[in-house]
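> From the sequence below, what's the structure:
(one chain, ligands or ions: 2)
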Amino acid sequence: MTPKWRSRFAKRLRNGGSFRLLTTMYRLKFWRMYKFFGLAAEVKNKYSKEHSLSNNVRFGTSFTPQAEKALEWKDYLSLFYVSEEEAFALWPSVCREQVLDYMRKSEVVIKQLLKVLMKGLNVNEIDETKESLLMGSMRTNLNYYPKCPNPELTVGVGRHSDVSTLTILLQDEIGGLFVRGNDGDNWIHVPPIKGSLVINVGDALQIMSNGKYKSVEHRVVANGSNNRISVPIFVNPRPSDMIGSLPELIENGEKPIYKQVLYSDYVKHFFRKAHDGKKTVAFAEL
Ligand SMILES: O=C(O)CCC(=O)C(=O)O
Ligand SMILES: [Fe+2]
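Numbers count the residues shown, from 1 in each chain. Ligands and ions are numbered 1, 2, ... in the order given. Model (predicted):
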């Protein structure tokens, strides 16, 4: 990355928003994903909350069905990465290798993005502890939005920000993802561009950057004519990490606006309620 590009990039993220990173690196075979969702219901149900052998593998529908007035028009398979061995033992074989490959290749891009973002905060050294805080755990979701007979009655995903540090999102050619503009009023469509990824700042980075980088609010509409697939990688702190305004920023004289919270508590708080815009972040406010 050239310094000019780097500073433009850091500025764009500071202003809040979604940054589309053009790359030809990713050629994920979407049909492989469709294959999972095309499996018989009883096969997919082996990975449901009730039947899955592990909490790290979960097939479900909607976000938090027990807290939602109307269900989101979406099925998903959520894969929390622990190790290759575990993935081989527990993840559905129909898509396992593609997801692992995608995650492995993404790591290079993720590290570069985080380096640039930390530079923008004057944090020039990312040691092992910091790296683990920024990207110590990863979760990949396969989202499947089936064609909806009454799209005006529901949504694909309600408005929310991700609880991640960064989200790397791959979407197919259908479209339907919207991000909230900087003025807070307008919604901007994120058009699919072949060979591109959408990079979203999540709440954990907003908190660690002491509010300098803003997590982006987004939503997905339900679609009356097409099925849609998206594959976000949520780059997260580890569940056992304490997150809060980074000490480097406070040592530089900034007033902290976030307290230290256990990341797994933050995530639990997010999942307890239906999607509600950016309200989750209040959980960490001082
Ligand atoms: O499908 C998309 O484009 C976005 C999905 C999303 O926001 C999520 O899974 O958190
Ligand atoms: Fe999201």
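> Spell out which parts of the stretch 151-286 of the chain neighbour ligand 1.
For the stretch 151-286 of the chain, the residues in contact with ligand 1 (C-beta under 6 Å from any ligand atom) are V157, D162, L169, Q171, L177, H218, V220, S230, P232. The C-beta positions use only the backbone N, C-alpha and C, and glycine is treated the same way.
> give me the low-pLDDT residue ranges for the protein?
Applying pLDDT under 70 to the chain flags residues 1-33.
> let's see 80
Counting by pLDDT under 80, the chain shows low-confidence ranges at 1-34, 62-65, 67-70, 184.
> Tell me the one of the residues of the stretch 151-286 of the chain next to ligand 1 nearest R139?
Proximity of those to R139 was ranked by C-beta to C-beta; the top entry is P232 with 8.5 Å.
> Tell me which strands the helix or strand encompassing the closest one pairs with, and in which orientation.
Using DSSP states H and E, P232 maps to strand 228-236. Here strand 228-236 is paired, per DSSP bridges, with strand 137-145 (antiparallel), strand 166-171 (antiparallel).
> Would you quantify the distance from R159 to V221?
11 Å (C-beta to C-beta, to the nearest Å).
> the more surrounded of the two?
V221 (21 against 17; other C-beta atoms under 10 Å).
> hey, what's that one bridged with?
When bridges are called by DSSP bridges, V221 pairs up with V155.
> Name all residues that make contact with it.
Neighbouring residues of V221 by C-beta atoms under 8 Å, 6 or more residues apart in numbering: P151, V155, G156, G176, F178.
> again, but for V267
Taking C-beta under 8 Å, 6+ apart, one finds V163, P239 in contact with V267.
> Tell me if L205 really is in a strand.
No: secondary structure of L205 (DSSP: H, G, I helix; E, B strand; the rest coil): helix, not part of a strand.
> Let me know the distance separating the residue lying closest to it once chain neighbours are set aside from Y213.
Spatial nearest neighbour of L205, chain neighbours left out: T165 (4.6 Å); criterion: C-beta to C-beta, 6 or more residues apart in numbering. According to C-beta to C-beta, T165 and Y213 sit 10 Å apart.
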